[in-house]
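Trainee: Return atomic coordinates for the entry below.
(one chain, ligands or ions: 1)
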Amino acid sequence: MSGAMTERHMLGEDEAAPLAGLAARVRALTEAAVLTGVGADEARAVADEIAALTERLRAVRRDAPPFLVTDGHRMDRQGGNPVTGVLNPIAPPVDLDVTADGIVRAEFTLSDVYEGPPSYVHGGMSAMVLDQALGMAAAQTGVGGMTATLELRYRRPTPLGVPLTVEAKASRVEGRKIYASGTIAGPDGRVTVEATAMFVTPQHFLVHER
Ligand SMILES: CCCCCCCCCCCCCC(=O)SCCNC(=O)CCNC(=O)[C@H](O)C(C)(C)COP(=O)(O)OP(=O)(O)OC[C@H]1O[C@@H](n2cnc3c(N)ncnc32)[C@H](O)[C@@H]1OP(=O)(O)O
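Mentor: Alright, predicted model coming up:
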């Protein structure tokens, strides 16, 4: 199970580095699987080897993804986060940073694994990256929240395989509601996706954290 309230194992750098290396290899494996042109026999043989490796990893299983002891650089201590998590092979990963004026920003590249319309980024993937960036920008106001609304405007197709920039900033706080907006832009600086969102801090979270 991966319940939100499960006690998380905290990984120091020594423990996290080899697991991040493992995730990077699986990321490369995923891309290879999507693009491979090997024949049926080779595909079956590789699948069997991967099944054996999967069992080796399952031999010691945690109840929930571990958290990282952060060094102040990485914003997100959730190592298994699907956008930023260095321990998660499905995360690109997007390394979000925050500037002194509260702008959350990252440069990232999405491979063919994230293809939606042929040769362009899947719109759901853009939404996931923006949800995360806007959520982290909202958290810069003090206490973060759950995404209550997320509105996207897809202005032009987002290209695969080239450096993209995501930026987000909180605009205002009204009680437990935090508003934020952001964009994804291509290498030419032109915005491909715009987003606005409202995050709501759950009451129980406020009681414990404030
Ligand atoms: C939790 C903190 C995390 C820290 C994060 C670090 C960064 C991580 C970044 C992660 C990024 C990824 C993040 C993710 O992926 S988060 C995962 C995706 N989101 C969810 O699963 C959220 C599910 N929903 C809920 O949990 C609750 O409904 C929430 C918490 C949102 C509100 O339940 P709560 O019982 O507390 O609310 P309330 O009924 O007292 O209403 C309060 C006020 O809010 C207004 N309202 C409520 N909902 C909506 C709505 N949908 N549209 C418009 N308005 C809405 C409501 O009218 C009222 O306004 P007013 O009448 O007072 O004017």
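Trainee: May I see the buried residues of the helix or strand Pro18 falls within?
Mentor: Taking DSSP states H and E as the criterion, the element that holds Pro18 is helix 13-35. Going by neighbour count (16 or more other CB atoms under 10 Å), the buried part of helix 13-35 is Ala16, Leu19, Ala20, Ala23, Val26, Arg27. Bear in mind the C-beta positions are built from the backbone N, C-alpha and C, glycine included.
Trainee: could you show me where the helices are in this structure, in order?
Mentor: Under the criterion DSSP state H, the chain carries helices at the ranges 13-35, 40-58, 123-139, 203-209.
Trainee: got the domain boundaries for this protein?
Mentor: 1-90, 94-209 (automatic domain parsing).
Trainee: how about a markdown table for those domains, with mean pLDDT added?
Mentor: Output for these, formatted as a markdown table (pLDDT from 0 to 100):
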| stretch | mean pLDDT |
| --- | --- |
| domain 1-90 | 91 |
| domain 94-209 | 95 |
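Trainee: Out of those, which one sits most buried?
Mentor: Stretch with highest mean neighbour count among those: domain 94-209 (a mean of 17; mean count of other CB atoms under 10 Å).
Trainee: Wondering if that domain reaches the ligand at all.
Mentor: Yes - under the criterion of CB under 6 Å from any ligand atom, the ligand is reached by domain 94-209 at 131-132, 135-136, 139, 144-149, 176-177, 200, 202-203, 205.
Trainee: Could you name the residue of this protein that is farthest from its center?
Mentor: Here the centre of the chain is the reference, and by CA atoms, centre = their mean the most remote residue is Asp41, at 34.4 Å.
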